[in-house]
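# next one to model:
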Amino acid sequence: MPVTETVVPLSLPQSLDMPDDRASSADVAALTGRMVRGDEAAWREFYELYFNRLLRYLLVLTRGHEEAAREAVQLTLLRVVKHVRQFDSEAAFWSWLTVLARSSAVDEQRKRTRYLAALDRFLHRNEIDGSTVDADTDAHLLRLLESHVAGLDPDEQDLVRRKYIDGESVKAIADGLETTGKAVDSRLVRVRRKLRESILARLRDESA
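Have a look, this model is predicted:
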């Protein structure tokens, strides 16, 4: 089931516990039952009813960080697709959605923290422009990192993911690859150097 996105105003509603269009318990029971059966129209209706509401909820959880909220809402929707079941009331359904949203926000923050730690390994962020790096700069660097990681060879992407996103130890990676820790360290050095050079080249192009 594809995840679609609708336009959401950045101003927050007076109450996050009130949906944009209140659905009755009977409506929710019918809607979620159809979602379980894979009804395309039901999923479209779900997105129309809950996408904006979830995004506003996540904007509050992320303290207004729009990019983090949008990443978390996409993960939330993917988890809804995977775990949806029928609910008898709107309150129970929304409570379940907020559990998924909070979990997604935590997971996205962990991912972001690991990416930032990786950036610190690849780049001296506070030396990029001679000033303290702010949230906007971090967000831009994270986008560059994700873009350049996507351009790596598949085995290099897997190495970056396992070490810097999943947090595996060098020994665990080496055991999984049936090689030595020294060989893994050498590959990580090469990958870090490649990413550092490509990201810095991109930043130089942007500042030219």
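# and the residue lying closest to R79 once chain neighbours are set aside, what element?
Sequence neighbours aside, L100 is the residue nearest to R79 in space, at 4.9 Å (criterion: Cβ to Cβ, 6 or more residues apart in numbering). (C-beta placed from N, C-alpha, C; glycine too.) In the assignment (DSSP states H and E), L100 maps to helix 90-122.
# kindly report the same for R70.
Per DSSP H and E, R70 falls inside helix 66-83.
# what packs against the helix holding L100?
helix 25-36, helix 40-61, helix 66-83, helix 135-150, helix 181-207 (3 or more Cβ pairs under 8 Å, 6 or more residues apart in numbering; DSSP states H and E).
# for D107, find the nearest of those.
Each of the helices and strands packed on helix 90-122 has some distance to D107 by Cβ to Cβ; the shortest is helix 66-83, at 6.6 Å.
# so M35 makes contact with W43?
Yes. Taking Cβ atoms under 8 Å as the definition, M35 is a contact partner of W43 at 6.0 Å.
# quick revisit: please state the offset of the helix holding R70 from the chain centre?
Centre-to-centre, helix 66-83 and its host chain are 7 Å apart (Cα atoms, centre = their mean, to the nearest Å).
# stretch 79-99 too?
That offset, for stretch 79-99, works out to 20 Å (Cα atoms, centre = their mean).
# between the two ends of it, how far is it?
End-to-end distance for stretch 79-99, by Cα to Cα, to the nearest Å: 11 Å.
# can I get the helices and strands packed on helix 90-122 in JSON lines with distance to A91?
Below are the helices and strands packed on helix 90-122 laid out as JSON lines (distance: least, Cβ to Cβ, whole Å):
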{"stretch": "helix 25-36", "distance to A91": "8"}
{"stretch": "helix 40-61", "distance to A91": "14"}
{"stretch": "helix 66-83", "distance to A91": "17"}
{"stretch": "helix 135-150", "distance to A91": "35"}
{"stretch": "helix 181-207", "distance to A91": "47"}
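# of all those, which one is nearest K163?
Between these, helix 181-207 lies closest to K163; by Cβ to Cβ that is 6.2 Å.
# now do that closest one: which elements does it pack against?
Judged by 3+ Cβ pairs under 8 Å, 6+ apart, the packing partners of helix 181-207 are helix 90-122, helix 135-150, helix 154-160, helix 170-177.
# buried residues in stretch 55-73?
55-59, 61-62, 65, 68-73 (16 or more other Cβ atoms under 10 Å).
# taking the residues you listed, tell me the two that lie furthest apart.
Farthest-apart pair in these is R56 and E71; separation 15.1 Å (Cβ to Cβ).
# buried deepest among the helices and strands packed on helix 181-207, which one?
Each of these was scored by mean neighbour count; the highest is helix 90-122, a mean of 17, by mean count of other Cβ atoms under 10 Å.
# between that one and helix 25-36, how many degrees?
50 degrees (axes from the mean of the first three to the mean of the last three Cα atoms, to 10 degrees).
# so for helix 90-122, mean pLDDT?
Averaging pLDDT along helix 90-122 gives 83.
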